[in-house]
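Asks: How does the following fold in three dimensions:
(6 chains)
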6 protein chains.
Amino acid sequence: MKGSPNYLVALALMALACSIASAYDPAPLQDFCVAINSSTDAVFVNGKFCKDPKFVTANHFFFQGLNIPRSTANPLGSNVTILNVDEIPGLNTLGISLARLDLAPYGLIPPHTHPRASEILVVLEGTLYVGFITSNPDNRFFSKILNVGDVFVFPIGLIHFEFNVGKTNVVAFVGLNGQNLCGLITIANNVFGANPPINPDVLIKAFQLDKNVVDYLQKKFEG
Amino acid sequence: MKGSPNYLVALALMALACSIASAYDPAPLQDFCVAINSSTDAVFVNGKFCKDPKFVTANHFFFQGLNIPRSTANPLGSNVTILNVDEIPGLNTLGISLARLDLAPYGLIPPHTHPRASEILVVLEGTLYVGFITSNPDNRFFSKILNVGDVFVFPIGLIHFEFNVGKTNVVAFVGLNGQNLCGLITIANNVFGANPPINPDVLIKAFQLDKNVVDYLQKKFEG
Amino acid sequence: MKGSPNYLVALALMALACSIASAYDPAPLQDFCVAINSSTDAVFVNGKFCKDPKFVTANHFFFQGLNIPRSTANPLGSNVTILNVDEIPGLNTLGISLARLDLAPYGLIPPHTHPRASEILVVLEGTLYVGFITSNPDNRFFSKILNVGDVFVFPIGLIHFEFNVGKTNVVAFVGLNGQNLCGLITIANNVFGANPPINPDVLIKAFQLDKNVVDYLQKKFEG
Amino acid sequence: MKGSPNYLVALALMALACSIASAYDPAPLQDFCVAINSSTDAVFVNGKFCKDPKFVTANHFFFQGLNIPRSTANPLGSNVTILNVDEIPGLNTLGISLARLDLAPYGLIPPHTHPRASEILVVLEGTLYVGFITSNPDNRFFSKILNVGDVFVFPIGLIHFEFNVGKTNVVAFVGLNGQNLCGLITIANNVFGANPPINPDVLIKAFQLDKNVVDYLQKKFEG
Amino acid sequence: MKGSPNYLVALALMALACSIASAYDPAPLQDFCVAINSSTDAVFVNGKFCKDPKFVTANHFFFQGLNIPRSTANPLGSNVTILNVDEIPGLNTLGISLARLDLAPYGLIPPHTHPRASEILVVLEGTLYVGFITSNPDNRFFSKILNVGDVFVFPIGLIHFEFNVGKTNVVAFVGLNGQNLCGLITIANNVFGANPPINPDVLIKAFQLDKNVVDYLQKKFEG
Amino acid sequence: MKGSPNYLVALALMALACSIASAYDPAPLQDFCVAINSSTDAVFVNGKFCKDPKFVTANHFFFQGLNIPRSTANPLGSNVTILNVDEIPGLNTLGISLARLDLAPYGLIPPHTHPRASEILVVLEGTLYVGFITSNPDNRFFSKILNVGDVFVFPIGLIHFEFNVGKTNVVAFVGLNGQNLCGLITIANNVFGANPPINPDVLIKAFQLDKNVVDYLQKKFEG
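Replies: Residues are numbered from 1 along each chain as shown, chains lettered A, B, ... in the order given. A predicted model of the protein is given here:
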């Protein structure tokens, strides 16, 4: 085979680790296109290859256990359980996903953006402070404290966060019009934890911070 | 008149009663385009007019009370609480929505389709039998009994239903990649309850039913 | 190789039996992408693989014989001749298709929907009663009796039908902004002829029919 | 009128003379959006304003008389009868249209392109020579002689033509995945009949023609 | 004014301050839709209203002076000259724009994102260090030092920056597949300069900074 | 293997010679999808296959030398240097591209169209006469003489040209919202240089030219 393109295909069809089909995705071209969870390295397409529909079952559209609380024993005191095409292969091409948010008291889902999906959130337990910021030049901040049964919408592409400001755990569910949450960009990690690190001069000037603060942050967030 | 914009808007912009922005909608052309809930008869566009962004607040992205059980005291024993652009004007152009489903024991959300959105459902309480059917020529039926914490996906355009097969109430939340559920087509009501009624000969032949059964059904479902 | 992904590819490229490229499809990314009619089971994509353009000829854009009447000797007294990507591989990615309708007197194309295409119909022979029904909550019925040379439009996603109310055969041509008609959902077959059958309790309640009528219908429509 | 919404509409909604909604258009955001045929000069949007759905009837989706032969008594010996949003207002936002082609013997529909729609053609009468040419650098020419019942596809954006090479009239119907044909660019008229005329030096050099031939052509095609 | 359309427009059509038509925008539905630069507050749509095509001239597609160096006498030492729909009204609905970047030595265009456009940059003068970072969980950093004639691409939605690492001024041109750059989100300003300010506890936890550093930053970036 | 589909794949993944991802392309479904420059004949998709993201580097988003003047020693006196997905594989799925135009005095980029991209042009050196023509029935011609620093926009799908009317070389850069320029249709070459040639009768009638002029042109433009 000698490295021929065949070899490429032979090992083929490993899914892109983090492909996202958002509201802007190509629509499905058939009733469904259940993603193949392929294994070895190889050929990729814009999206995912599909399983032969003959072998598709209801289980490809199914996931179990979103009611189970997730651990928040981490520095941010929060946990995001994402159901995307890797968990539910039937989501492929459908441009929709679901997530469960767990936040301990004072837990935070830090400012982040997902450029390919809007988000609608409903609080099941606790008290949650949420907000988003509009783009240049206004940088307007819209925020709200949410209680059980409250719903909030985050427009596509804008930076937003969720913060548990109550004394009990928060549980919330979010719907997204993207097939997973994987295009998520957590600002602090992305900018200070880039791998390899961004030239610190860029961050010093952009954030108007001392070099030692930037050094500290780049160390803190490194992978 | 004094040229006030309010006047213009007040008279002008009655919303289409049931406009839907789905996953296939035009993307938002700015950070957001909060829908105007206008009042009198007038001008319509494909979608909705937007509120002046200066007057937009966090409340336009907010809804309260999705935790409150809805009455299921109706023949179907079910209730769908839709949060769409009429309830949350900030949803306009974002192509996403959320709904709460309440089903009494033996309650049914009958076979229906929403041609402009896929759906992802999570069960919060009870036991729910769900299914969808593929298109011609196979008409394959995919179904599953769901318990608390289970998630299921309904691909865009396919006919599907939810049925409470447990002994307690079911509560479920669904995310949709459309800005409301209003393009919903409930098969039985649509076909037998059309207004004015469809020529019964069509239904007799299509459903291979006796004329008196069709008469009975058309009477039953009439508006 | 033993079942490696290569094997998968080796057998690969069988077209999804019924892929549809609708008006919402990804646009063509080159002048054309003529579909490969591959043979053995295997790898699928959202849409179709393309033939090497060097081997494409005018015949890939061509079909012969749409003038020939089709048999209507079946219970519905109708026949739909679909020209889609399986008949004309050059249609792949173009999002358009054509069909010929033949209806004997009293012949019916029963209520159906194709969630991924609008339709425009022109009558060549005979007298045709057509109609469509809008979505919830209005279920408004728009209908018209068409004669030779008349044209009618069915908006995307709405349930519609065609019924020969004349004394002679009807011939009509329809254009659709989808690459084939395969996403077609014939309501009665889909709901009563699902395979395996839907739990009859769902249909009894949804259609408010007796169990024996539902049993009768499920038997009638079973595959 | 006193500033009533009618006033607004009365002044407001002159349709763009030749708006086109193609396969790439924004999808409909409601069941339909029937175009208003407004009268006086005024405000335009990308697309058309919609009629209040309460006042929509089946006639807005209807057109009569496509069976009637059109005159081909003109220099090209051809006639294209376009059914678009101006003839059928219900086509607005649906991204589909239909046309009837009449060609006398030796009649020509000259090389043209419609950058926003693919086309599928079926011959009802006569013998038609058709062809399209691919883009740079190959300029490959695909052509076919079509007889009654033959179908041919023209991919979006490519230059194509139809030519009656038989001894009798040709009648053909074409479906397009655009709401009208109005984006049509007839090459010869567009380039040589531009208004005001293009600097002849451009055409001399582009077409490698003598100045007097270009002068002759610009005179011939001037509006 | 006598009911002239001008009056209507005068009251009606204030442009959204910062509307963006990106690559994901609805396509143009006619040859062009030149934006109206309206004046007083009023009615908004998703996008812009269009000028009557009769009054459109070549100047609506034209802009003068992109060759003139811009001042970089500001703390960041950089200047972005954006040509968007406000400068070139003919860009409306076309989903493309152009910008000129000026950077003094050590000047920075700080980390930012524009969720609705990809970007292609070409260096005309000087030496520019550029980079972008991928999304979670990898946060991979791709960077390059560019010299005159070098070109670099920034994929849609990802955070990126430009930094003058040479001893002379940098001039670069960038093309974007959005009609303006206005959806631009400059990370530092957006997060630390939000208006009103974000609860500092969110930023302390997200960036793992001391309260006094966050206070300092929020003061520094406040509007 | 014997000609099995595997064989097809074995040789596979040669890129379509001239695939274009325009503003209407499917959006990227992940951060990026760098095109594979495959070699032997084989399998094609609508677009390109992607390189394993692990092996992607900054160089896949990079190109060198756009500052170097190109030779204009050809009959048209012009040269278009296109940076598309073949030159910059990272452009795949991003729907944007860049080109450099060189025109000697009296050099011409002849009337052409690219049906899948709008274009924005900026003049770096010299004096350039540019224009575009609208579609039927108006064929309005919009033109402008541009000097250094001037910018002009060509709406998608319309025929346009660039002509050096100064005494010195012209250099211009153009941004396009398509991933390459390959869908480009140069009118004269396309129509008169089609391969195989179009039946001359079609061109005689369409352009109202003598047979010998058409013969001359077909000879002139033949491949």
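Asks: and residue A:211, what is it in contact with?
Replies: Contacts of residue A:211 were listed using C-beta atoms under 8 Å, 6 or more residues apart in numbering or on different chains, and they are A:200, A:204. (C-beta placed from N, C-alpha, C; glycine too.)
Asks: cutoff 10 Å now
Replies: A:200, A:201, A:203, A:204 (C-beta atoms under 10 Å, 6 or more residues apart in numbering or on different chains).
Asks: Narrow the residues you listed to those in helices?
Replies: Filtering the contacts of residue A:211 for membership in helices, criterion DSSP state H, returns A:200, A:201, A:203, A:204.
Asks: which ones among those come in contact with chain E?
Replies: The subset of the ones in helices among the contacts of residue A:211 within reach of chain E, counting by C-beta under 10 Å from any C-beta of the partner chain, consists of A:201, A:203, A:204.
Asks: shouldn't residue A:185 be in contact with residue E:136?
Replies: Yes. Distance between residue A:185 and residue E:136: 6.8 Å, which falls inside the contact criterion (C-beta atoms under 10 Å).
Asks: Once you drop chain neighbours, what's closest to residue A:196?
Replies: When the adjacent residues along the chain are set aside, residue A:196 lies closest to residue E:141, with 5.5 Å between them (C-beta to C-beta, 6 or more residues apart in numbering or on different chains).
Asks: now the helices for chain A?
Replies: Defined through DSSP H, the helices belonging to chain A, from first to last, are A:5-10, A:187-192, A:200-207, A:211-221.
Asks: What helices and strands are in contact with the second one?
Replies: Right, helix A:187-192. Contacts of helix A:187-192 with other secondary structure elements, assessed using 3 or more C-beta pairs under 10 Å, 6 or more residues apart in numbering or on different chains; DSSP states H and E, are made with strand A:108-113, helix A:200-207, helix A:211-221, strand E:108-113, strand E:128-133, strand E:159-164, helix E:187-192, helix E:200-207.
Asks: Tell me which residues touch the residue in chain A that chain B sits nearest to, please.
Replies: Of all residues in chain A, residue A:175 sits closest to chain B, at 2.4 Å by C-beta to the nearest C-beta. Residue A:175 makes contact with A:96-99, A:117-122, B:96-99, B:119-120, B:122, B:173-177 under the criterion C-beta under 10 Å, 6+ apart.
Asks: Look up the closest residue to it, ignoring the ones flanking it.
Replies: In this structure, residue A:175 finds its nearest non-sequential neighbour in residue B:175, 2.4 Å apart by C-beta to C-beta, 6+ apart.
Asks: need the helix or strand of chain A with the lowest average pLDDT.
Replies: Using mean pLDDT, DSSP states H and E, the weakest-scoring helix or strand in chain A turns out to be helix A:5-10, at a mean of 26.
Asks: Please pick the buried ones from the contacts of residue A:175.
Replies: Restricting the contacts of residue A:175 to buried positions leaves A:96-99, A:117-122, B:96-99, B:119-120, B:122, B:173-177, with burial counted as 16 or more other C-beta atoms under 10 Å in any protein chain shown.
Asks: Tell me the bridge partners for residue A:121.
Replies: Here residue A:121 shows beta-bridge partners residue A:152, residue A:174, assigned using DSSP bridges.
Asks: For it, give its distance to residue D:100.
Replies: Computed as C-beta to C-beta, to the nearest Å, the residue A:121 to residue D:100 distance reads 53 Å.
Asks: and if you look at residue A:203?
Replies: Following C-beta to C-beta, the distance that separates residue A:203 from residue D:100 is 66 Å.
Asks: When those two are compared, which one has more neighbours?
Replies: Neighbours were tallied for residue A:203 and for residue D:100 using other C-beta atoms under 10 Å in any protein chain shown; the higher tally belongs to residue A:203 (26 against 23).
Asks: my read: the more buried one touches residue E:141, true?
Replies: No. With contact defined as C-beta under 10 Å, residue A:203 and residue E:141 do not form a contacting pair (11.8 Å).
Asks: shared neighbours, the two?
Replies: Counting by C-beta under 10 Å, 6+ apart, the shared contacts of residue A:203 and residue E:141 are A:191, A:194, A:197.
Asks: Residue A:63 against residue B:153, yeah?
Replies: Yes. Counting by C-beta under 10 Å, residue A:63 does reach residue B:153; the two are 8.6 Å apart.
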